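Trainee: Generate coordinates for the sequence data below:
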Amino acid sequence: MEFKEININDKNLIAGYLRKYNPKASEMNFTNLFIWRLYYGFRFTEIDGLLCIVSMAGNKAPYALMPVGDINEDNFSAAVYALKEYFNKKLDKPLVFRMVEEDSLKFFTQIPDFEGEIVYDRDSSDYLYLASDLISLKGKKLHAKRNHINRFKREHEYEYVKLDSTLLDECARIMDEWCERRICDCGRGVYCEKIANKELLNNFEKLDCRGALIKVDGRFEAYTVGEELNGNTAVIHIEKANSEIQGLYTFINQQFCEREWGHMEYINREEDLGVDNLRKAKLSYNPLSLVNKYSIFMS
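Mentor: Purely as a prediction, here's the structure:
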């Protein structure tokens with residue numbers, strides 16, 4: 001079994017398998033796999049008509065993602081047992097699946113002689129919102145969000161601008177400034193969100209993403225990028241803004257959803273990674289539900 005590193009030329013192949021699977025989890029998306037491929041050491045192979053992706057970063061324990069494609073009982077079992085043999089014999093490691101959607105657990109438990117521990121992974125579970133809620137911000141629970149936007153509009157001149165190739169440098173500058181305010185580790189050789197986001201910007205024209213910037217008082221101060229995750233859900237990959245401008249994050253979120261994703265039913269705003277401030281921020285938008293994810297430790 002040979003695994004190949006992911007590159008931009010694999011987009012059509014990988015995206016084709018993912019469309020057949022119809023993912024709900026944000027990881028099961030070519031853009032996310034591509035921009036984080038170096039950090040997680042993502043590699044892929046095809047087993048019995050299914051796409052199998054593994055993470056083999058040198059400093060982390062290896063794991064596999066959910067095999068995807070046209071799944072049936074036979075090919076899924078074959079893929080899982082082939083991965084198990086590879087992990088056990090080639091890597092001398094137990095097979096672990098991570099970021100498995102709750103709806104997909106049945107594929108594992110239906111495997112003949114399945115033995116494994118299934119563990120809920122709250123920190124990796126995505127936040128799912130009704131697109132209409134993020135656009136209208138109606139109701140008592142979102143009253144503060146409406147106030148943030150109204151204050152922003154009162155205090156600033158602003159313009160919503162769709163992202164195209166001529167504005168990618170502005171996005172990179174906003175990302176750099178965001179990172180500088182947080183004293184990121186990128187400059188010390190640590191792979192971080194900044195590098196992943198610049199991978200997206202550098203390949204923006206080759207990916208199926210939409211983006212937007214907000215110009216505030218004559219200067220671009222925020223940008224965001226997202227794309228369709230499945231037929232009724234958009235996923236937001238990036239949202240970066242000058243946090244010193246009150247209400248800017250709320251404004252770009254609402255505007256991007258209204259102008260680009262109003263035809264979608266749901267918005268996936270990814271996980272919180274167990275970070276307290278990030279969890280609080282995502283919960284403050286009153287999510288409809290979580291896209292629950294699980295780890296499966298194969299015996």
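Trainee: quick check, S26 in a helix?
Mentor: No - under DSSP: H, G, I helix; E, B strand; the rest coil, S26 falls outside any helix and is assigned coil.
Trainee: Verify the contact between it and D272 for me.
Mentor: No - here S26 lies out of contact with D272, judged by C-beta atoms under 8 Å, at a distance of 11.8 Å. In short, each C-beta sits where N, CA and C put it, glycine included.
Trainee: which ones are touching E155?
Mentor: Neighbour list for E155: Q246 [criterion: C-beta atoms under 8 Å, 6 or more residues apart in numbering].
Trainee: Could you report the pLDDT at it?
Mentor: Predicted confidence (pLDDT) for E155: 97.
Trainee: Got the phi and psi for it?
Mentor: phi -90, psi -10 (degrees, to the nearest 10).
Trainee: related to what we said a few turns ago, higher neighbour count, S26 and D272?
Mentor: Comparing S26 with D272 by neighbour count (other C-beta atoms under 10 Å), the higher total belongs to S26, at 24 against 21.
Trainee: quick one: that one from W36, how far?
Mentor: 11 Å (C-beta to C-beta, to the nearest Å).
Trainee: do the same with G139
Mentor: 35 Å.
Trainee: what about these two, which has more around it?
Mentor: Between G139 and W36, W36 has the larger neighbour count (other C-beta under 10 Å), namely 20 against 11.
Trainee: Without its sequence neighbours, what residue ends up closest to the more buried one?
Mentor: Of all residues not flanking W36 in the chain, A196 sits nearest, at 5.3 Å (C-beta to C-beta, 6 or more residues apart in numbering).
Trainee: which residues sit in contact with the one you found?
Mentor: Going by C-beta under 8 Å, 6+ apart, the list of residues near A196 reads 35-36, 39.
Trainee: With Y223 instead?
Mentor: Applying C-beta under 8 Å, 6+ apart to Y223 gives the contacts 163, 170-171, 174-175, 211-214, 238-241, 252.
Trainee: How about it: which residues does it bridge to?
Mentor: Going by DSSP bridges, Y223 is paired in beta bridges with L213, K240.
Trainee: measure it to N197 for me?
Mentor: On the measure of C-beta to C-beta, Y223 and N197 end up 10 Å apart.
Trainee: Quick check: bridge partners of the residue nearest to S289 when sequence neighbours are not counted?
Mentor: Nearest residue to S289, sequence neighbours excluded (C-beta to C-beta, 6+ apart): L128, at 5.2 Å. The partner list for L128 in beta bridges (DSSP bridges) reads N268, S289.
Trainee: Looks to me like K138 is in a strand.
Mentor: No - counting by three-state DSSP, K138 is not found in a strand; it is coil.
Trainee: how near is it to K153?
Mentor: 18 Å.
Trainee: and if you look at I47?
Mentor: Between I47 and K153 the distance is 53 Å, computed by C-beta to C-beta.
Trainee: So between the two, which is more surrounded?
Mentor: Set side by side, I47 and K153 show more neighbours around I47, with 19 against 12, by other C-beta under 10 Å.
Trainee: Look up the closest residue to the more buried one, ignoring the ones flanking it.
Mentor: A79 (4.3 Å).
Trainee: Give me the local confidence score for that neighbour.
Mentor: 97.
Trainee: count of neighbours near it?
Mentor: 25.
Trainee: Quick check: it is in a helix.
Mentor: Yes - according to three-state DSSP, A79 belongs to a helix.
Trainee: dump the residue contacts of it.
Mentor: Each residue near A79 by C-beta under 8 Å, 6+ apart is listed here: 47-48, 50, 52, 67.
Trainee: Off-centre distance for stretch 113-120?
Mentor: Taking C-alpha atoms, centre = their mean, to the nearest Å, one finds the center of stretch 113-120 at 25 Å from the center of the full chain.
Trainee: how about low-confidence regions in this structure?
Mentor: In the predicted model, the chain carries pLDDT under 70 at residues 183-191.
Trainee: part of a strand, is V54?
Mentor: Yes - secondary structure of V54 (three-state DSSP): part of a strand.
Trainee: How about S26, nearest residue that isn't a chain neighbour?
Mentor: E270 (4.6 Å).
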